[in-house]
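Chemist: would you be able to build a 3D model of this:
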Amino acid sequence: MVHKRFKNGLCLVSDKYRLIYLSIPKNASTSIKIFMKKKMNAHESFIDSLNEEQEKYDIFTVLRDPEKRYYSALSEIIVRNCDNARKRLRRINHKKGIINLIKNKYDEHLIPQLDYIKDKRNNKLFNIKYYIKLDKEFEININKLLRSYGVKRKFLIHCNKKEVLGENMSKGDKLYLYFYADVRENKKWRENPYKHYELYGKSEGRFHMHDLQEISIDKINFIRELLDKEDIMKVYKKDYKFLEKLN
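Modeler: Just a heads-up that it's a prediction; the model follows:
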């Protein structure tokens, strides 16, 4: 069953700058949405809901290395307040289990990127003019694109979330930002996640201690290691092929 949050053609439309961003989860989508809404007067829509004038706007999207996106997606599911997803992950004990989750589109973060940039009505790619890669040059490239359309404000990945929450955000919200900044992949976090959690507070905001205890760190690592590089390349084969064509 396709996940209810899978929204094909979800986009941000800036009439002021005549630019559209096609959203793909785990590809800096939240940061871009916040930036465009606050700095570019953008609003959410769907590609198939654009009016005649908006259909003339240029479209850009962001693509990411499938392996990095896969690991980030697992972390997202684990720390998110989504009991069903955590319980499902906790029951996975073999490679086939996680592959089935991806193939069956169980969670929108595990769905292949190509599914987000193809029109489900005709299975053809949306008319995307710019593909930006989420790599070490990402901020440079996206700001170069935005400047070419007259956007003067600088985009900084993840910083936009802090700006929205404000200077007085709770310790729980700081923990939320900590997770979403992908720092969770570092060595200190893997070695002792609970100690790191204590640095950010125990029960404020959206995260609680039981959220981390729901799946043990051993189970997290076990799930991550179910698929190796070769497995990920197979299950996201179409994404890899598409990225190769863009190179």
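Chemist: what about the strands in the chain?
Modeler: 10-14, 19-22, 43-46, 58-63, 118-119, 124-125, 130-133 (DSSP state E).
Chemist: I'd say Leu63 and Leu243 touch.
Modeler: Yes: in this structure, Leu63 is within contact of Leu243 by C-beta atoms under 8 Å, at 6.2 Å. (C-beta placed from N, C-alpha, C; glycine too.)
Chemist: and those two? which has more neighbours close in?
Modeler: Taking neighbours as other C-beta atoms under 10 Å, Leu63 and Leu243 compare with Leu63 leading, 22 against 18.
Chemist: returning to that earlier point: quick one, which of the strands of the chain is packed in tightest?
Modeler: For the strands of the chain, the largest average neighbour count (mean count of other C-beta atoms under 10 Å) is found in strand 19-22, namely a mean of 24.
Chemist: packing partners for that one?
Modeler: strand 10-14, helix 29-39, strand 58-63 (3 or more C-beta pairs under 8 Å, 6 or more residues apart in numbering; DSSP states H and E).
Chemist: tell me which other helices or strands the first one touches.
Modeler: Put plainly, it is strand 10-14. Packed next to strand 10-14, using 3+ C-beta pairs under 8 Å, 6+ apart, are strand 19-22, helix 29-39, strand 43-46.
Chemist: Asp135 is nearest to which of the ones you listed?
Modeler: Closest approach to Asp135 among the helices and strands packed on strand 10-14 is made by helix 29-39 (15.1 Å; C-beta to C-beta).
Chemist: packing partners of the closest one?
Modeler: strand 10-14, strand 19-22, helix 159-165.
Chemist: CA atoms of the second one as PDB?
Modeler: Taking C-alpha atoms only, strand 19-22 is exported to PDB below (Å, rounded to 0.1, in the frame of the first residue of the first chain):
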ATOM      1  CA  LEU A  19      10.100  29.600 -10.000                       C
ATOM      2  CA  ILE A  20       8.800  26.200  -8.800                       C
ATOM      3  CA  TYR A  21      10.500  23.700  -6.500                       C
ATOM      4  CA  LEU A  22       9.400  20.000  -6.900                       C
END
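Chemist: circling back to that earlier point, got the helices and strands packed on strand 10-14 as TSV, with distance to Asn100 columns?
Modeler: Putting the helices and strands packed on strand 10-14 into TSV (distance: least, C-beta to C-beta, whole Å) gives the following:
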stretch	distance to Asn100
strand 19-22	27
helix 29-39	25
strand 43-46	28
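Chemist: out of those, which gets nearest to Asp58?
Modeler: The nearest among these, by C-beta to C-beta, is strand 19-22 at 5.9 Å.
Chemist: great, nothing more from me.
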